[in-house]
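Colleague: Just to be clear, the model below is a prediction. Sequence and coordinates:
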Amino acid sequence: MTESLQPQSERKFGAAFKNFAIIFSFVVNVILVLVLLVLVIFPGLGFTIKANLVDPLVTDLDNAFMALAATTIETQVVVSDTIPVQFNLPLNQNTDVILTQAVPLQANATFFLPGGGGAINGTVSLNLPEGMKLPVSLSMDVPVDTTIPVVLNVPVEILLGKAGMQPAVDQLRAVLDPVKVILQAIPDSTGEILRPK
């Protein structure tokens, strides 16, 4: 059941990531266009926004993406299942059996008369009383067929980068690379624009 659900969850994650990347790229581009417009219309204000808002925002986003790959998820996975158990249990031992009721016995017997008087065939009847202990020797295979319930809390520690998140993080950081290049090319003040090279 887990194997059939896994590809579907991966497809959902891939689609969600694609949608996030498209929206994120669009937002970054809109911010970049707005910053460029502000720089052209209000150069002084543009430099302030670049230095105090856009540069820190892009740096913080890049650091957040790097931290995402290094994030570790720690949780408990509950495993609940039953294990079938089937085997033959050899039982070989001497023990005492206690009678729970009187047991009548009747057996054929031969009686020998003393002094060579011959033999008489007959029957002997007796009752073994309730509560009497009888020593017995057991030698048998006892079939065992049962299920054992298993409930485990398994601690799980997942490093997102190593668990397959690193390519997604690299893609997110790659979206920021052109923005960082453009921001580095934009001067921080009018003095840098006027400074001869």
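Modeller: In hand now; what should we look at?

Colleague: Distance check, the residue lying closest to residue 166 once chain neighbours are set aside against residue 59.
Modeller: Leaving aside its sequence neighbours, residue 166 sits nearest to residue 69 (Cβ to Cβ, 6 or more residues apart in numbering; 5.3 Å). The C-beta positions use only the backbone N, C-alpha and C, and glycine is treated the same way. As judged by Cβ to Cβ, to the nearest Å, residue 69 and residue 59 stand 17 Å apart.

Colleague: Between these two, tell me which one has more neighbours.
Modeller: Between residue 69 and residue 59, counting by other Cβ atoms under 10 Å, residue 69 is the more crowded of the two (19 against 13).

Colleague: Let me know the secondary structure of the more buried one.
Modeller: At residue 69 the chain is in helix, as set by DSSP: H, G, I helix; E, B strand; the rest coil.

Colleague: In contact with the residue nearest the centre of the chain: list those residues for me.
Modeller: Closest residue to the average C-alpha location of the chain: residue 77 at 4.3 Å, with Cα atoms, centre = their mean. Applying Cβ atoms under 8 Å, 6 or more residues apart in numbering to residue 77 gives the contacts 153-156.

Colleague: at 6 Å what do you get?
Modeller: Residue 77 makes contacts with 154, 156, as judged by Cβ atoms under 6 Å, 6 or more residues apart in numbering.

Colleague: For it, give the beta-bridge partners.
Modeller: residue 154 (DSSP bridges).

Colleague: what's the distance between it and residue 152?
Modeller: Per Cβ to Cβ, residue 77 is found 9 Å from residue 152.

Colleague: can you check residue 19 too?
Modeller: To residue 152, residue 19 is 36 Å away according to Cβ to Cβ.

Colleague: likewise residue 132?
Modeller: In terms of Cβ to Cβ, residue 132 sits 49 Å off from residue 152.

Colleague: Low-confidence ranges, the protein, go.
Modeller: 1-11, 13, 35, 38-39, 42-46, 189-197 (pLDDT under 70).

Colleague: And the strands in it, which stretches?
Modeller: Remark: strands assigned in the chain by DSSP state E are 72-98, 103-112, 119-128, 133-159.

Colleague: Could you export these to JSON lines, including columns for distance to residue 49?
Modeller: Listed next are the strands of the chain as JSON lines, based on distance: least, Cβ to Cβ, whole Å:
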{"stretch": "strand 72-98", "distance to residue 49": "36"}
{"stretch": "strand 103-112", "distance to residue 49": "104"}
{"stretch": "strand 119-128", "distance to residue 49": "106"}
{"stretch": "strand 133-159", "distance to residue 49": "37"}
